[in-house]
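**Student:** Model the following, please.
(2 chains)
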Amino acid sequence: MWASAHPRLYGDARLGPDVQRRFLPTRFDAGGNAIDSQGSFCSEVCCPKCHLGIPRTMFELRSIFYSILGSPGSGKSHMLATTTWQMRQALGSRFKLSISDADPDSNRQLNESEERLFFNEHPDKLATIPKTETEGDLYQPVQFGDETIWYPRPFVFVVQPLADHPRIAERDEISRAICLYDNAGEHFLPGGESSISPATQHLNISRGLLFLFDPTQHARFREACKANTNDPQILGTGRSHRQDQILHEAANRIRTHSGLAQQQKYDKPLIIVITKLDSWGPTLWPEWDTVDDPIRDARQGVAGLDLSLIESVSAQMRVIMSKLAPEFVNAAEGFANNVTYIPVSSLGRSPEVDEESGMLGIRPNEVKPVWAEVPLLYLLNQTSTGLIPAVRRSGG
Amino acid sequence: MSFELVYTSARRGLRPGASGFCTVAATDGIPRALQDKLESLSGYSYTESLAGSVPPVNHSHMTVRIQRTVYHVLSRIGHVKAEHTNRTNKIAHHLALTSDEIESFDDGPTAMFTDQSFWFSQWDSDPQTLPPDRLPDSYSEPVNGFSAWEEVFGDAGWAGMLGHAIASDFRSVSVIVPNGDQTMALLNEALQLVKAADQWKVCFSTFYTRQTSSAHCHWRFVMDGTSEARHLRARTQGILVDPLGSKTELPDDNPFVQAAREGRPDQAHAMAAAKIRRSGGGALSQPNGDDDEERPERPSVRRRREARLQKKAVQTRSPFDIPEEEYAHVTLEQADAGGSETKRKSSKRKNKAGLILVSVLLLAVIAILVVLGIKQLT
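**Tutor:** Here you go, the predicted structure:
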């Protein structure tokens, strides 16, 4: 199914009067593009069921889906913005890979968040990334008769080797279209998904899960850290969430939709991203700001990911988590075979409360992410052959 | 029975375990499908709202159908102070009325928003169930001609485009406004150009964005400087009223434009009818350079169009033209029984037609054989 291109052909049964009409083509030009009833050459391909547009790259490259989940306020949007920004920096210069938006319109909100943090015209003033909504920009309504279903809109990136990449000859094999889903945390709460908003069904097709564990929402972490911090997220009240319950809920949805039995374990990577490292690190992991960069430059010109370092840090994190949040470790390891714990600070420092608005904000000139890109790079290393190479220390 | 729903970000929602963006108050007994629908209509684009000096409030009227019931949903959605986790927040308060209930509100949908004490603009209490049949007082704001249109756009005639769009088979029209300060005044003034009987059929949104609306909307007020306004200017669907950024001119001969300029909204429909009579039944001139109507229409084309319109008038109606009482008291068994009766009649008619056709064919064959026989004999 294709989207018409002629300005007169507006209005679609599924998507409403404001979009170009969808049609099954009978005429094509020499390049294989459909020609609509008014003779215009079309370029947008759509899903025959929901009529939503599908970026062409999804057909041309192998697609890989990842889901980001966590409780409300765990830092999903901030991490996604800093991760993509850090990836844009590191992939080109160190991994000899290009990263681009497959569909700039779909990635608009993420790009706006990146601009607020890294391209802000007032870098010394407090900037805020809005709370992710359960409807609106990140979802696309589709009409099925009288029923409107809200489908989540993924962020889609294309990652492919640059001309000086040593495996450029295998370009078709190693290039990927990466789809990331950023849901509102409310969708992962028990009962948060409805028949008209199947917002978390992407969990079933994901090649890996990034679960954001927020220590500032855990009572025992907060208690352990409050003497040594002035972070309003730790000193404030009423932010607690049972994050193990959210993981259980996600696990149940995956089991239900993918037909995984209770005794079977999830065999794809589950990365537990322990966020807001800057607020709990000084108390519980003092070496947090001197930890090495896990991206190692190699003599061949292409960097690799130091898996030994990541696994060593993961083991240290597991010890901390087992001590303060054993119920969560139990939930994660009871669900998946392959669990890795990675600490991250998306902003590098605590946010401040804006006196005027009462909202938490960060001054863009003080943003210094710590390991923000590591969870996604690690996931790419584990799930896509050849894109992100691994480096192991000789003694490891 | 009317239903209300309040949706915002709070520590605790009405449903056990709900937190963050969730329903914090709803009328006792609200149907689950209606609750889901109202929650999905609660979008508010915070990023888009930053285009103005003050985040605008979205007052909207939409029509939704839940199973066999048509609801008129009146909503007030606005930005509120930071929520309990110090992040951006909004509050959406919806009131869903059935077609029976709106009959007691003669002043139209905008009059429902004048009772500000009814609409929640912030939420600091615990989740609660609201009593049934809690309704706002409805009274019309005094409207002074088209002074708001004159003040905002420099020409009251632009209001005529909204009335014209409704008179032209309820076409959609987008209005790009400099800010959200006067949208309610603009809306109230433009509604003067709509017949009283049609006012509840006009769906509107005073802060419209495509991303947050899943329902059909006739009048869309869009803030200048937003991505929605940029999108509309780049690619217009329907009628665009954009005196701030557009070079298009108002069609001076349009009776709705004339009525708005002269401050005589009650004359608009009479003037439009007179114009149609003068032009021999042709439609009113179209805005935005749509020059289809400027060309003289051939009589054959006009006859075909009129026939099509007549057929359409008989066969289809706008979804909210169908009174819900047509559905309300029809049980499934009755509906099925009615359906099978119709099917039986239709099947009988088909059988009869088939028999006649076969008989005619047989007669024709016999006639041919007789003719051939006579020829052979002679």
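**Student:** All the helices of the chain, in order from the start?
**Tutor:** Picked chain A for this. Counting by DSSP state H, chain A has these helices, from start to end: A:57-60, A:76-94, A:108-118, A:171-174, A:219-225, A:232-235, A:243-258, A:277-284, A:307-324, A:326-335, A:374-383.
**Student:** that answer is for a different chain, and I need it for chain B
**Tutor:** According to DSSP H, chain B carries its helices in the segments B:32-40, B:46-49, B:99-102, B:147-153, B:159-167, B:183-191, B:227-234, B:255-262, B:268-278, B:299-315, B:325-328, B:332-377.
**Student:** Lowest mean pLDDT across those helices, which one is that?
**Tutor:** If you rank the helices of chain B by mean pLDDT, helix B:325-328 sits at the bottom with a mean of 40.
**Student:** which one's the longest strand in the chain?
**Tutor:** Let's take chain A. Ordering each strand of chain A by length in residues (DSSP state E) puts strand A:62-70 first.
**Student:** Actually, chain B is the one I wanted.
**Tutor:** The strand of greatest length in chain B, counted in residues with DSSP E as the criterion, is given as strand B:69-80.
**Student:** Quick one: mean pLDDT over that one.
**Tutor:** Taken as a whole, strand B:69-80 has an average pLDDT of 92.
**Student:** partners of it in the sheet?
**Tutor:** Next to strand B:69-80 in the sheet, as set by DSSP bridges, lie strand B:58-66 (antiparallel), strand B:89-98 (antiparallel).
**Student:** Export only the CA atoms of the longest one, formatted as CSV.
**Tutor:** Meaning strand B:89-98. These are the backbone C-alpha positions of strand B:89-98, laid out as CSV (Å, rounded to 0.1, in the frame of the first residue of the first chain):
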residue,chain,number,x,y,z
ASN,B,89,1.9,18.5,34.0
LYS,B,90,-1.5,19.2,32.5
ILE,B,91,-5.1,18.7,33.5
ALA,B,92,-7.9,17.5,31.2
HIS,B,93,-11.5,17.7,32.3
HIS,B,94,-14.1,16.1,30.0
LEU,B,95,-17.9,16.2,30.1
ALA,B,96,-19.7,13.7,27.8
LEU,B,97,-23.3,14.4,27.1
THR,B,98,-25.8,12.4,25.0
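**Student:** Now do that strand, average pLDDT.
**Tutor:** When pLDDT is averaged over strand B:89-98, the result is 93.
**Student:** now swap in the first one and tell me
**Tutor:** This predicted structure assigns strand B:58-66 an average pLDDT of 90.
**Student:** just to revisit the earlier point, export the strands paired with strand B:69-80 to a markdown table and append columns for mean neighbour count and distance to residue B:349.
**Tutor:** (Glycine included, C-beta is placed from N, CA and C.) Formatted as a markdown table, the entries for the strands paired with strand B:69-80 read as follows, by neighbours: other C-beta atoms under 10 Å in any protein chain shown; distance: least, C-beta to C-beta, whole Å:
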| stretch | mean neighbour count | distance to residue B:349 |
| --- | --- | --- |
| strand B:58-66 | 23 | 32 |
| strand B:89-98 | 24 | 37 |
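**Student:** okay, these in a markdown table with distance to residue A:232 next?
**Tutor:** Listed next are the strands paired with strand B:69-80 as a markdown table, based on distance: least, C-beta to C-beta, whole Å:
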| stretch | distance to residue A:232 |
| --- | --- |
| strand B:58-66 | 31 |
| strand B:89-98 | 17 |
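**Student:** any idea how far stretch B:177-184 is from the chain center?
**Tutor:** Between the mean C-alpha location of stretch B:177-184 and the chain-wide mean there is a distance of 20 Å, by C-alpha atoms, centre = their mean, to the nearest Å.
**Student:** For that stretch, which residues meet the burial criterion?
**Tutor:** The neighbour-count check on stretch B:177-184 (16 or more other C-beta atoms under 10 Å in any protein chain shown) flags B:177, B:180, B:182, B:183, B:184 as buried.
**Student:** Pretty sure the first one sits against residue B:219.
**Tutor:** No. The pair residue B:177 and residue B:219 fails to qualify as a contact (C-beta atoms under 8 Å) at a distance of 11.4 Å.
**Student:** can you list residues touching both of these two?
**Tutor:** By C-beta atoms under 8 Å, 6 or more residues apart in numbering or on different chains, residue B:177 and residue B:219 have no common neighbours.
**Student:** give me the number of residues near residue A:367?
**Tutor:** Look at residue A:367: counted by other C-beta atoms under 10 Å in any protein chain shown, it has 22 neighbours.
**Student:** residues in contact with it?
**Tutor:** Residues near residue A:367 by C-beta under 8 Å, 6+ apart: A:82, A:117, A:118, A:347, A:348, A:349.
**Student:** Extract the C-alpha set from stretch A:329-339 and format it as PDB.
**Tutor:** Taking only C-alpha atoms (Å, rounded to 0.1, in the frame of the first residue of the first chain), the coordinates of stretch A:329-339 have been written out as PDB:
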ATOM      1  CA  VAL A 329      17.600  -8.600  41.400                       C
ATOM      2  CA  ASN A 330      15.400 -11.600  42.100                       C
ATOM      3  CA  ALA A 331      12.800 -10.400  39.600                       C
ATOM      4  CA  ALA A 332      15.300  -9.700  36.900                       C
ATOM      5  CA  GLU A 333      17.300 -12.900  37.200                       C
ATOM      6  CA  GLY A 334      14.100 -14.900  37.600                       C
ATOM      7  CA  PHE A 335      12.900 -13.600  34.300                       C
ATOM      8  CA  ALA A 336      15.900 -13.600  32.000                       C
ATOM      9  CA  ASN A 337      19.000 -15.700  31.500                       C
ATOM     10  CA  ASN A 338      21.300 -12.900  30.400                       C
ATOM     11  CA  VAL A 339      21.200  -9.900  32.900                       C
END
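**Student:** Tell me how far that stretch lies from the chain's centre.
**Tutor:** 20 Å.
**Student:** ditto for stretch B:72-82
**Tutor:** For stretch B:72-82, the separation from the chain centroid amounts to 19 Å (computed by C-alpha atoms, centre = their mean).
**Student:** which parts of it are buried?
**Tutor:** Buried residues in stretch B:72-82, counted by 16+ other C-beta under 10 Å: B:72, B:73, B:74, B:75, B:76, B:77, B:78, B:79, B:80, B:82.
**Student:** Over to stretch A:208-220?
**Tutor:** Under the neighbour-count criterion of 16+ other C-beta under 10 Å, stretch A:208-220 has A:208, A:209, A:210, A:211, A:212, A:213, A:214, A:215, A:216, A:217, A:218 buried.
**Student:** The first one contacts residue A:384, correct?
**Tutor:** No. Contact status for residue A:208 versus residue A:384: not in contact, 9.8 Å apart, counting by C-beta under 8 Å.
**Student:** Tell me how far residue B:171 lies from residue B:210.
**Tutor:** Taking C-beta to C-beta, to the nearest Å as the measure, residue B:171 and residue B:210 are separated by 17 Å.
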